[in-house]
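Trainee: here is the input, now give the coordinates:
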Amino acid sequence: MKFSHSLKINAKPQWQHSYLHYAHLKKLIYKHERVVLDRSSPAPASRTSSPERTHITPALSSPALEISSDTTTDLCAEFASALDAELTKIAEFYGEEWSDVRSRLEQLGSEVMLVDTAVLIAEEGGSAVADEDYARGRVHLGVGDRMPPLRRNSGGSSLSDQGASGSAIGHVKRQLLQRELVDLYLDLNDLKEYIELNHTGFGKILKKYDKVTGFRMKRMYMDKLDTSDPFVRETRSQIADELNNAVRLFARVATDNDIGLAQHELQSCVRERVVWERNTVWKDMVEKERRTATARVVDKSEVVSTVGGAEKILGAGDAGWRGKLIGLTGAGVMFLAILYFQPMGVEEQSGCLAILVLASILWAAEIVPLFVTSLLIPMLVVLLRVLREEHSHRRLSASEAAKKIFSEMWSSVIMLLLGGFALAAALSKHNIAKGAATWILGKAGSRPSVVLLTNMLLSTFVSMWISNVAAPVLCFSLIQPILRNLDPRRSKYGPALVLGIAMASNVGGMASPISSPQNIVAISNMDPAPSWLEWFAVSIPVCIVIDLVIWAVILAMYPCNEDAPAPPQLFVQRSVVDEERGLPEGGVDEASRPLLVDFRRPSFSSGLTLLPISATRTKWISLTPVQIYITIISLLTIVLWCSSRALESVLGDMGVIALVPLLAFFGAPGVLTKDDFNSFPWNVVALAMGGIALGKSVQSSGLLAEVVARVGPGVAKLGSPIWTVAVVCAAVGVATSFVSHTVGALIILPVVYEIGKNLEDPRPNTLVLASALMCSGAMALPVSSFPNMNAISLEGPTGTPYLKIQDFLRIGILGTMVSWAIIVFGAYFLMDGIGIK
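Mentor: Sure thing, here's the model as predicted:
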């Protein structure tokens, strides 16, 4: 991995502007390389070096080149000046942070002694004096002092067990101190890594400079660096000493002076911090995409044996490519056959039918990437000349068709999609979404049923703003501390939790216009398009009810009452605080563990209790100016979207409002960058544009009207519009269980709109919106959606998956049926009540 990428991944997000500006220094290096190449001249082969001339050999030039010593000196001086500026910035930042952690450590050292003193005095009947001394800070303790353990009686219990008031004081204040010490240890560890990462960065950039320019600066400057703050050896020793002091203090208040156990607990918190804070949703999604994209074809000899004796075949030789070739050939034959036989009787309609069949096969079978099929559609539309003039039905020329189809593809709906991407990127990159999600989970308590429901509702809520593609990635990362302690082969709670998040993320795809691509497709097929407020009025009640019913179904199917005992190494020895709280032997101290499972404490009917998320993870830190700015812009954008109908005379439509986050986030320094813009899922944009092109072509060619004319009489026999909605939603649910939700929406929604428009009581928008909601509600199979695919691929520490196909068949089919019933008998009446027809 390139160091610039490693720096982005490993840097603490809140400190990202205080690290070595590696990218800027790289640009300076390439600038100097250009100067060297421009000012150098070929040197005679027989000429030897002289004190006045310096020979260099650029990487891309074979003859020796020479430049003047003045130029060399100027370039080196400029680069050294840039390095000095970075060194000064790093030293000043480190000085501020170091001063802060030192003062906090000294204060905590004093408070630890005050707590012990208060407890002992309270045990002797002097609690008032103890509290007064504690408040005035009369007792002090140096951070390096060795603290004596609490006195114990003959029974082995601490003296704090002998007095109710002493126990209360000890418990409350120790809990607070534990949390503060964990935070302090994490900050000290961050400072240690900050120094190491920047030191490595200086070495890497100097090595690159020497390699590109041919100069020799690294040894000289690294010698200077090792004698400058904060890279001197004494600085690292100071951090190591203070880390040890923090461990000793934590051992005093949390582990009964067991240094080894305290070290283990604090390191566990460090690991949780790294996983939680430094991995964003977008990084996780990119990693999954790369893992899929780099899957290679292997021979049978490369079959890998997995745990349990089952074979996992990584590839099947050329069978995959052979199957794709057969599918592509079949699709091509059908395409050509339709063009030749002209089944519709009209050339434009038959050509459009050929395009529709070809695109449907390629999309459904994923013979080529989905976006490639989308890009093929406008080319075929122009080549086959399937577009007609709206009123005269004159066949458009290739030039006219190209202008029309491209103008239709780039619409306000695409801008709405990009605006949603900008919101999701900003909320994810700056940890706003993750911080809010973790805070909510911290309020969930410890009952497994409540934790499951909270995770489900959270997944649905997060899907509203960062899409139901990113939401499960975020939520699965937040529950990793729970899953790590559950055996996938025996525990029922692990599968229940994974299934709950997957199902709720699917439901979250209904929640807002930007929560899933199929909603964007639906808006493009509705006239007039619903406002955000109207969408929320329908989707939010539907989503909440579906989540609650699925939650009850999961609890009924996975009662979590057969969990095997956890391995002994998951439990820590009994600490002083455990004794004060009355925890059983082997209990876990909730203040020092981020989120764990206690299998030994009974809870309602499940026999399983979850310890709450640690305050270290849930504590709200003060928002940075950038986070405040992002929050304000996001709320403003949402309010404008909700008010789009009222502001139509001023802003036009929702696509113009979508420019607000794009301009605000990319125009402001330190929010989103060009790299963030390039990392948008442009394949989804291309897919949506291809779907719009196909829908407009089907409509313009007259094919859609012809199809509706043929199926219309059968639909008319259904009578009431609600039964039409029921039948259409059932068909959509079945179809989108086997193909992706977005592909199903692209193919079906244009037809659904025309069917609704030709009903005796016309309800095209009702039918389209209900069908779009049902696309997200189809969750019967692992291949139905990204949340399902993400859930089925989730594995335990030993490589055992948490879910099997039958898990989806049990819950997914029921979830799809529940979604259908609530959409038909709930969403229909909500739409009728607010006037969506």
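Trainee: and the top helix by length along the chain, average pLDDT?
Mentor: Secondary structure of the chain read by DSSP state H shows that its longest helix is helix 69-123. The pLDDT scores in helix 69-123 average 82.
Trainee: and for stretch 536-555?
Mentor: 93.
Trainee: tell me who's in contact with residue 397.
Mentor: residue 385 (C-beta atoms under 8 Å, 6 or more residues apart in numbering). Using the backbone N, CA and C atoms, a C-beta is placed for each residue, glycine as well.
Trainee: where do the helices of the stretch 501-650 of the chain begin and end?
Mentor: Along the stretch 501-650 of the chain, the stretches classed as helices by DSSP state H, counting those that start in this stretch are 517-524, 532-557, 576-581, 615-618, 625-642, 648-651.
Trainee: off-centre distance for the helix or strand that contains residue 417?
Mentor: According to DSSP states H and E, residue 417 maps onto helix 412-429. In this view, helix 412-429 has its centroid 14 Å away from the chain centroid, taken as C-alpha atoms, centre = their mean, to the nearest Å.
Trainee: thinking again about what came up before, most tightly packed of the helices of the stretch 501-650 of the chain?
Mentor: Highest mean neighbour count among these (mean count of other C-beta atoms under 10 Å): helix 517-524, with a mean of 28.
Trainee: what mean pLDDT does it have?
Mentor: 86.
Trainee: what's that helix in contact with?
Mentor: In contact with helix 517-524 (C-beta under 8 Å, 6+ apart) are residues 411, 413, 416-417, 509-510, 512-514, 529-530, 535, 654, 684, 687-688, 691-692, 695, 741-742, 744-746, 749, 768-769, 771-772, 775-776.
Trainee: one step back: so which of the helices of the stretch 501-650 of the chain is nearest residue 38?
Mentor: Nearest to residue 38 among these is helix 625-642 (39.7 Å), distances taken as C-beta to C-beta.
Trainee: tell me the spacing between the closest residue to residue 492 other than its chain neighbours and residue 78.
Mentor: Spatial nearest neighbour of residue 492, chain neighbours left out: residue 558 (4.4 Å); criterion: C-beta to C-beta, 6 or more residues apart in numbering. Remark: distance between residue 558 and residue 78 (C-beta to C-beta, to the nearest Å) = 65 Å.
Trainee: could you do residue 737 as well?
Mentor: 63 Å.
Trainee: those two: which is more packed in?
Mentor: residue 737 (21 against 14; other C-beta atoms under 10 Å).
Trainee: surely the more buried one is in a helix?
Mentor: Yes - checked against DSSP: H, G, I helix; E, B strand; the rest coil, residue 737 lies within a helix.
Trainee: mind listing what it touches?
Mentor: 778-781, 784, 816.
Trainee: let me know the helix or strand that the closest residue in space to residue 786 that isn't next to it in sequence is in.
Mentor: The spatially closest residue to residue 786, leaving aside those adjacent along the chain, is residue 469, at 4.9 Å (C-beta to C-beta, 6+ apart). Secondary structure assignment for residue 469, by DSSP H and E: helix 448-478.
Trainee: now the angle between helix 625-642 and that helix, please.
Mentor: Helix 448-478 and helix 625-642 are oriented at 110 degrees to each other (axes from the mean of the first three to the mean of the last three C-alpha atoms, to 10 degrees).
Trainee: buried residues in helix 448-478, which are they?
Mentor: 448-449, 451-478 (16 or more other C-beta atoms under 10 Å).
Trainee: again, but for stretch 252-264
Mentor: Neighbour count says stretch 252-264 has 252-258, 261-263 buried, by 16+ other C-beta under 10 Å.
Trainee: just send those residues back as JSON lines, with distance to residue 824 too.
Mentor: Shown next, in JSON lines, are those (distance: C-beta to C-beta, whole Å):
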{"residue": "252", "distance to residue 824": "62"}
{"residue": "253", "distance to residue 824": "58"}
{"residue": "254", "distance to residue 824": "55"}
{"residue": "255", "distance to residue 824": "58"}
{"residue": "256", "distance to residue 824": "61"}
{"residue": "257", "distance to residue 824": "64"}
{"residue": "258", "distance to residue 824": "61"}
{"residue": "261", "distance to residue 824": "57"}
{"residue": "262", "distance to residue 824": "58"}
{"residue": "263", "distance to residue 824": "58"}
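Trainee: ok, the residues you listed vs residue 828, which is closest?
Mentor: residue 254 (56.6 Å).
Trainee: among the buried residues of stretch 252-264, which are in strands?
Mentor: Among these, no member is found in strands (DSSP state E).
Trainee: which ones among the residues you listed map onto helices?
Mentor: Per DSSP H, those map to helices at 252-254, 261-263.
Trainee: of the contacts of residue 737, the lowest pLDDT goes to which?
Mentor: Among the contacts of residue 737, residue 784 has the lowest pLDDT, at 73.
Trainee: in this structure that residue contacts residue 812, no?
Mentor: Yes - between residue 784 and residue 812 there is a contact under C-beta atoms under 8 Å: 7.2 Å.
Trainee: so, low pLDDT: which residues of the stretch 301-450 of the chain?
Mentor: Scanning the stretch 301-450 of the chain with the threshold set as pLDDT under 70 gives 301-320, 444-446.
Trainee: where does the closest residue in space to residue 825 that isn't next to it in sequence fall, secondary structure wise?
Mentor: Leaving aside its sequence neighbours, residue 825 sits nearest to residue 722 (C-beta to C-beta, 6+ apart; 7.9 Å). Assigned by DSSP H and E, residue 722 falls within helix 721-738.
Trainee: which elements pack onto the following helix or strand past that helix?
Mentor: Sequence order places helix 741-757 as the next helix or strand after helix 721-738, per DSSP H and E. Using 3 or more C-beta pairs under 8 Å, 6 or more residues apart in numbering; DSSP states H and E as the contact test, the elements touching helix 741-757 are helix 347-365, helix 517-524, helix 682-700, helix 703-716, helix 721-738, helix 764-777.
Trainee: take helix 741-757, keep the C-alpha atoms, and write them as PDB.
Mentor: Only the C-alpha atoms of helix 741-757 are listed here, as PDB (Å, rounded to 0.1, in the frame of the first residue of the first chain):
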ATOM      1  CA  HIS A 741     -34.100  -4.200  -6.600                       C
ATOM      2  CA  THR A 742     -32.700  -1.500  -8.900                       C
ATOM      3  CA  VAL A 743     -32.800  -3.700 -12.000                       C
ATOM      4  CA  GLY A 744     -36.400  -4.700 -11.200                       C
ATOM      5  CA  ALA A 745     -37.400  -1.100 -10.800                       C
ATOM      6  CA  LEU A 746     -35.800  -0.100 -14.000                       C
ATOM      7  CA  ILE A 747     -37.700  -2.700 -16.000                       C
ATOM      8  CA  ILE A 748     -41.100  -2.800 -14.200                       C
ATOM      9  CA  LEU A 749     -41.900   0.800 -13.100                       C
ATOM     10  CA  PRO A 750     -42.400   2.400 -16.500                       C
ATOM     11  CA  VAL A 751     -45.000  -0.400 -17.300                       C
ATOM     12  CA  VAL A 752     -46.600   0.000 -13.900                       C
ATOM     13  CA  TYR A 753     -47.100   3.800 -14.400                       C
ATOM     14  CA  GLU A 754     -48.900   3.200 -17.700                       C
ATOM     15  CA  ILE A 755     -51.100   0.500 -16.100                       C
ATOM     16  CA  GLY A 756     -52.000   2.900 -13.300                       C
ATOM     17  CA  LYS A 757     -52.800   5.700 -15.800                       C
END
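Trainee: angle of it against helix 682-700?
Mentor: Going by the same axes, to 10 degrees, helix 741-757 makes 20 degrees with helix 682-700.
Trainee: use 344 as the first number from now on
Mentor: Sure thing, new numbering starts at 344, so read that last one as helix 1084-1100.
Trainee: what angle sits between helix 1084-1100 and helix 1064-1081?
Mentor: Orientation check (the same axes, to 10 degrees): helix 1084-1100 against helix 1064-1081 gives 160 degrees.
Trainee: ok, now how distant is the nearest residue to residue 843 once chain neighbours are set aside from residue 1151?
Mentor: The shortest distance from residue 843 to any non-neighbouring residue, by C-beta to C-beta, 6+ apart, is to residue 799 (4.6 Å). Separation of residue 799 from residue 1151 (C-beta to C-beta) stands at 16 Å.
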